[in-house]
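Enquirer: Based on what follows, work out the 3D shape:
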Amino acid sequence: MSISLYSGKVALKLLVLQFMTFVILSACFYFKSTDWSISAFLGGMACWLPNVAFLMLIRLQKVKEEAPVRINWLFAFSEGFKVILSIALLIVALGVFKAAFAPLVMAYLAVLVMQVVAPAVING
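Expert: Take a look at the predicted model:
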């Protein structure tokens, strides 16, 4: 993600687009079965919730007051936390909830693609 995404309005638009992506995808999977729909929803949440946590951690920093080295460490910590949280949520979805693999992965990848494509669309 680029640093321009950390403004409040653009970050909120990105999160809303990601949320709508996996909600619509899980609604489409409902026609196959409810298990697939729930699996797609869990896959989307496994990608979306870490993004929410990442953006909330990044918004905590005060750029004007802190040294650049401290900002870099906070960014690295936030990114590491995001990856660990994403892996943990995928393990919970597959292990605890016994989610179907195909819709889980498809929803996860759809949210990842939206994370890459949406900033280009939003910024014009």
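Enquirer: Hmm, Thr21 and Met114 touching each other?
Expert: Yes. Using C-beta atoms under 8 Å, Met114 makes contact with Thr21 at a distance of 4.7 Å. To be clear about C-beta, it is placed using only N, CA and C from the backbone, and glycine gets the same treatment.
Enquirer: Now do the same contact list for Tyr30.
Expert: By C-beta atoms under 8 Å, 6 or more residues apart in numbering, the residues touching Tyr30 are 36-37.
Enquirer: Which neighbouring elements make contact with the strand or helix carrying Pro50?
Expert: If you go by DSSP states H and E, Pro50 is part of helix 34-59. For helix 34-59, the elements it packs on are helix 8-29, helix 68-95, helix 101-122, judged by 3 or more C-beta pairs under 8 Å, 6 or more residues apart in numbering; DSSP states H and E.
Enquirer: If I look at the spatially closest residue to Leu90 that is not a sequence neighbour, what pLDDT would I see?
Expert: Once flanking residues are discounted, Leu90 sits nearest to Ala46: 4.9 Å by C-beta to C-beta, 6 or more residues apart in numbering. With respect to pLDDT, Ala46 has a value of 97.
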